[in-house]
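A.B. asks: My questions are about this predicted structure, shown below with the sequence.
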Amino acid sequence: MADAWGRRPVVAVTLAIEIVLAGVAIGAARATTPDLGPDYVAIKNVTPAPAAPATFSYAWDCGHNEAGHRNTANIVVTPGRPGPPHHVHEYVGNLAVGVASTVDDLSGGPTTCRNGDRSTYYWPVLRTDTVQVPTSVTLTFYGNSRSPVVQMPRLLRGTVGDARAFTNGGARASPVWSCSGEERRRSLRYPICRTGERVLRIFDFPSCWDGRRVDAPDHRAQLIQPQPGGGCPESTFAVPRLEIVVAYALPRGTPYRIDSFDDERHSPRTDHAFFVNLMPDALMNAVVECLNTGRGCQ
């Protein structure tokens, strides 16, 4: 209340200013985080995961699909026939993968990998209005913190994530979504990254091999995830752990989605990736030497 000369108490004026400024700040915060719907989450709201145990690592370059190698095939799950037109996969590595290919067709195929790796690595394309070409694809093998690793057998298949996770309950869905500089924050939802960050898909493949098979009826049982702490379950063997990081430069606030089966509604929970190992034996031996001893790592 003003006194006889029209003066107001300083405390009241200060409090009013603080309330106005707080309202402005809240409004600005809301305005800077686009509302893209329930499939999206601001990366700052994702809890960071614990850091993985340190191991030796081996990284190599297979490009980022500059040539546009894409098709609807899935040579692990449905070899020899095309998939639905709305579920397109993107590849690096072996260039022999076509819609009628089987794993047997890949031997001797040309490759995008500079070290001569003839394996194939693939995942669903990401779209805004059009298919987005990754700005980078990083492939890295990691060792096992609890035991030495052994060589992956030729033609071993690996799977991470689940293309049917939206409709089957999502038990095998993998939190692959993240942002550059925030790699320990991983989500099952599409991330809204901070300005200047890139959208990431981080595919961490299982790395405990059953020692017998290169594939299984469910395309998973031959290669399973380690136990908490990093060790492999009894009767399995640690092999090099593959991590693929796919990065995209998207303007902040741009809606995007991955290709999916119709009934999966482009859910981010359905993201997935595959590999088929065709790394030459000498190269695989060098990888294992690096991961177990630290010698010869790139």
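C.D. replies: Nice, thanks for sending it over.
A.B. asks: Quick check: end-to-end length of stretch 183-192?
C.D. replies: Criterion CA to CA, to the nearest Å; first-to-last residue distance in stretch 183-192 is 13 Å.
A.B. asks: for that stretch, which positions count as buried?
C.D. replies: 185-192 (16 or more other CB atoms under 10 Å). (C-beta placed from N, C-alpha, C; glycine too.)
A.B. asks: Identify, from those residues, the entry nearest to Ala282.
C.D. replies: For the buried residues of stretch 183-192, the closest approach to Ala282 (CB to CB) belongs to Arg186, at 34.3 Å.
A.B. asks: now the closest one, nearest residue through space, not along the chain?
C.D. replies: Pro175 (4.3 Å; CB to CB, 6 or more residues apart in numbering).
A.B. asks: How about Thr236?
C.D. replies: Cys208 (4.1 Å).
A.B. asks: Among the buried residues of stretch 183-192, which lie within strands?
C.D. replies: Using DSSP state E, the subset of these located in strands is 190-192.
A.B. asks: which residues in the stretch 151-298 of the chain form helices?
C.D. replies: Taking DSSP state H, counting those that start in this stretch as the criterion, the stretch 151-298 of the chain contains helices spanning 281-293.
A.B. asks: Going along the chain, name the strands of it.
C.D. replies: For the stretch 151-298 of the chain, the strands defined by DSSP state E, counting those that start in this stretch cover 157-161, 177-179, 190-192, 199-204, 208-209, 223-224, 237-238, 241-248, 257-258, 272-276.
A.B. asks: Arg257 contacts Tyr190, doesn't it?
C.D. replies: Yes - the pair Arg257 / Tyr190 is scored as a contact, 7.3 Å apart, by CB atoms under 8 Å.
A.B. asks: Give me the common contacts of those two.
C.D. replies: Both Arg257 and Tyr190 are contacted by 39, 268, under the criterion CB atoms under 8 Å, 6 or more residues apart in numbering.
A.B. asks: ok so, going back, so which of the ones in strands among the buried residues of stretch 183-192 would you say is closest to Cys179?
C.D. replies: Nearest to Cys179 among those: Pro191, at 5.3 Å, using CB to CB.
A.B. asks: Please verify my assumption that that closest one contacts Lys44.
C.D. replies: No - assessed by CB under 8 Å, Pro191 is found out of contact with Lys44, at 9.6 Å.
A.B. asks: Identify the residues contacting the residue positioned nearest the centre of the chain.
C.D. replies: Centroid check for the chain by CA atoms, centre = their mean gives Ile202 as the closest residue, at 2.4 Å. For Ile202, the contacting residues are 176-178, 183, 186, 243-245, by CB under 8 Å, 6+ apart.
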